[in-house]
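A.B. asks: got a predicted structure here, sequence first:
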Amino acid sequence: MKWYYADSGRQMGPVEDAALDDLTRTGVLRDDTLVWHEGLPSWQTLSSVRGTQSGAEMPSPATAAGTGFCSECGRPFSPDLLVKIGQASVCAACKPLYLQKLREGVSSTAVTRHYAGFWIRFVARLIDNALLTIVAWIILLAVAPLQLRERGVSNFSMLAGVGGLISLLNFALNIAYEVYFVSTRGGTIGKLILGLKIIRADGSRVSAGLAAGRYFAQIISAVILMIGYIMAGFDDEKRALHDRICETRVIYAR
């Protein structure tokens, strides 16, 4: 079972049961520490979900002093298995990801993010496309009949002009939709419905300019046979090509 716990207002974890026991024995966790695991309706005190720990056997000072914890995953390790990077100590498994965060200017806060995978993002895009298609047809049905009544249905150049105008309006609609909702709401309607959010690598919101750039980067992801989107299924942080270009992440909002 994977546990999360609160430490000075920050969410730490996940850690396994054995690691949770080690944290309790070394005094990192107390009876009143808030913890949570999947299946609990809300955060609860450690004592309420596992019983009071005050009578637990404490390790000897030598044992406690010989245990360290990874700043990223929260698991306990002996000091020789932890790498000191600045003020943080990370295990071998977390070192590559931590160094990447440093390169991107992201500080380690040990806050767990749940990244949204390929399929849920695919469903969100289907919802967005359906909404935009409905709006585009409304515009088409409103504009085209007026032009047809004025010039007649036989005017091919007029029909081509109407089609071009609709395409231009549809393109502008897509950009406006993406920029507005991503920069002000944190995600498009499809993503918001599914509980997803777009953030920058440091956790901050996406600006209007970056949202516009991300929209055009999505076109690149699409024109290369959708490979840019498929990349999200094989990335540790579920990043598509446009996420890599714009340094964004899609996470489950909590």
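C.D. replies: In hand now; what should we look at?
A.B. asks: could you measure from the closest residue to Ala212 other than its chain neighbours over to Ala222?
C.D. replies: The shortest distance from Ala212 to any non-neighbouring residue, by CB to CB, 6 or more residues apart in numbering, is to Val179 (5.1 Å). All C-beta atoms are positioned from the backbone trio N, CA, C, and that covers glycine. Separation of Val179 from Ala222 (CB to CB, to the nearest Å): 18 Å.
A.B. asks: my read: Ala232 touches Ile120, true?
C.D. replies: No. Counting by CB atoms under 8 Å, Ala232 does not reach Ile120; the two are 10.1 Å apart.
A.B. asks: so for the two, which sits in the more crowded spot?
C.D. replies: Ala232 (24 against 17; other CB atoms under 10 Å).
A.B. asks: ok, now how distant is that one from Pro14?
C.D. replies: 22 Å.
A.B. asks: all strands of the stretch 101-250 of the chain, in order?
C.D. replies: Secondary structure of the stretch 101-250 of the chain, counting by DSSP state E, counting those that start in this stretch: strands at 196-200, 248-252.
A.B. asks: put together JSON lines for those, with distance to Thr133, mean pLDDT and mean neighbour count on each row.
C.D. replies: Formatted as JSON lines, those follow (distance: least, CB to CB, whole Å; pLDDT from 0 to 100; neighbours: other CB atoms under 10 Å):
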{"stretch": "strand 196-200", "distance to Thr133": "21", "mean pLDDT": "93", "mean neighbour count": "20"}
{"stretch": "strand 248-252", "distance to Thr133": "22", "mean pLDDT": "93", "mean neighbour count": "19"}
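A.B. asks: low-confidence ranges, the protein, go.
C.D. replies: 8-10, 51-76, 86-87, 103-112, 143-163, 254 (pLDDT under 70).
A.B. asks: care to break it down by domain?
C.D. replies: Listed domain ranges for the chain are 3-103, 118-252 (source: automatic domain parsing).
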